[in-house]
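1. need a structure here:
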Amino acid sequence: MSAHDLIEHLGASVVGRRREIELVVAALAADRHILLEGPPGTGKSTLLREVARELGVGFEFVEGNAELTPARLIGHFDPARVLAEGYEADVFVDGPLTRALRNGSLLYIEELNRVPEETLNVLVTVMSERETHVPRLGRIGAADGFRLVAAMNPFDAVGTARISSAIYDRMCRLAVDYQSADEERSITARRSGDTTIGDRAVELTRRTRDHADLRMGSSVRGAIDLVAMAQTLADVRSLPVDDAGVTLDAALVALSGRIRVREGSSRTAEDIVTELWRDVFQPKPQRSPGDDAGKASAPTGAPT
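-> Take a look at the predicted model:
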């Protein structure tokens with residue numbers, strides 16, 4: 001499949017992201033490792049999974065966290081079999097890195113900036129030399145097609161660390177931001193099948209990203225969950241899906257855990273979600289210039 005055909009196929013399964021698709025495909029075609037960096041819920045893993053699927057290559061998924069040791073990434077000798085058979089090659093249990101190297105697969109590491117430094121150092125060597133060395137096993141070289149693809153969220157999340165220049169120097173980096181309102185409405189409609197409150201759910205979710213009391217807003221996943229919650233809650237309560245109580249409770253459940261209130265603010269996440277819900281789901285009617293025409297002015301000094 002040509003790069004052009006691949007991009008067209010991906011456009012049918014990934015909403016928007018045309019530029020990002022082109023850049024990821026180009027980077028992989030150039031045999032480069034690539035890092036997608038952006039807020040949670042911006043489709044980084046979805047994009048990389050779909051690229052791997054369309055390319056027809058293996059995809060080894062690794063969740064980045066503090067427990068990802070070099071042994072868990074590379075693999076280990078089975079202790080029970082070592083006692084019986086010794087350190088033979090077939091006693092070694094491949095980890096995701098070793099499987100990706102042997103099979104020429106994409107090694108996808110999610111939340112790269114949560115990975116311990118000693119494990120990142122293993123990746124530096126692999127990216128530089130296209131191989132790794134395991135004591136008592138020997139050299140494991142990279143088959144054609146092996147690339148490291150990774151994703152990470154902004155640095156202000158708890159438990160993250162800054163990635164060293166050694167990692168950045170060996171990877172192409174693509175910044176990924178939130179999608180447009182139209183694209184997020186399309187994603188929400190595709191995932192929920194809703195035509196009643198989907199657009200307002202997206203609008204509410206997008207407003208969390210610009211609220212003065214929030215340091216982090218919700219991704220489009222908040223809108224998707226809001227709609228899903230409203231649909232099931234409406235059924236539980238035998239009410240319309242756009243009932244005020246239904247949509248407010250759905251918004252509180254779907255969004256309050258996804259947003260982060262700024263330090264020093266006296267407001268809670270529930271306060272802010274409720275405020276935004278009122279603005280979107282119960283907006284005040286617009287007053288026309290003639291609304292007050294003919295009304296007598298209150299006397300000076302009258303209570304207001």
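2. alpha carbons only for contacts and neighbour counts from here, please
-> Fine.
3. Residue 151 belongs to a helix?
-> No: Residue 151 sits outside any helix when classified using DSSP: H, G, I helix; E, B strand; the rest coil, being strand.
4. And it, how far from residue 217?
-> Note on residue 151: its distance to residue 217, by C-alpha to C-alpha, to the nearest Å, is 19 Å.
5. Settle it for me: which of those two has more neighbours?
-> residue 151 (25 against 22; other C-alpha atoms under 10 Å).
6. check which helix or strand covers the closest residue to that one other than its chain neighbours.
-> Once flanking residues are discounted, residue 151 sits nearest to residue 36: 4.6 Å by C-alpha to C-alpha, 6 or more residues apart in numbering. Assigned by DSSP states H and E, residue 36 belongs to strand 34-37.
7. contacts for that strand?
-> Strand 34-37 is contacted by residues 24, 27-28, 44, 148-154, 171-176 when judged by C-alpha atoms under 8 Å, 6 or more residues apart in numbering.
8. quick one: which of those sit in strands?
-> 148-152, 172-175 (DSSP state E).
9. filter the residues you listed to the buried ones?
-> 148-152, 172-173 (16 or more other C-alpha atoms under 10 Å).
10. all strands of the stretch 201-304 of the chain, in order?
-> 214-216, 260-261 (DSSP state E, counting those that start in this stretch).
11. for the longest one, what is the average pLDDT?
-> This points to strand 214-216. Across strand 214-216, the average pLDDT comes to 90.
12. Now do it: which elements does it pack against?
-> Under the contact definition 3 or more C-alpha pairs under 8 Å, 6 or more residues apart in numbering; DSSP states H and E, strand 214-216 sits against strand 260-261.
13. Show me where the stretch 151-300 of the chain has its helices.
-> Secondary structure of the stretch 151-300 of the chain (DSSP state H, counting those that start in this stretch): helices located at 165-168, 181-192, 198-207, 220-237, 244-255, 269-281.
14. With mean neighbour count, mean pLDDT and distance to residue 40 as extra columns, can I get the ones you listed in CSV?
-> Putting the helices of the stretch 151-300 of the chain into CSV (neighbours: other C-alpha atoms under 10 Å; pLDDT from 0 to 100; distance: least, C-alpha to C-alpha, whole Å) gives the following:
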stretch, mean neighbour count, mean pLDDT, distance to residue 40
helix 165-168, 13, 88, 20
helix 181-192, 18, 90, 14
helix 198-207, 22, 96, 13
helix 220-237, 21, 95, 9
helix 244-255, 21, 96, 14
helix 269-281, 18, 95, 18
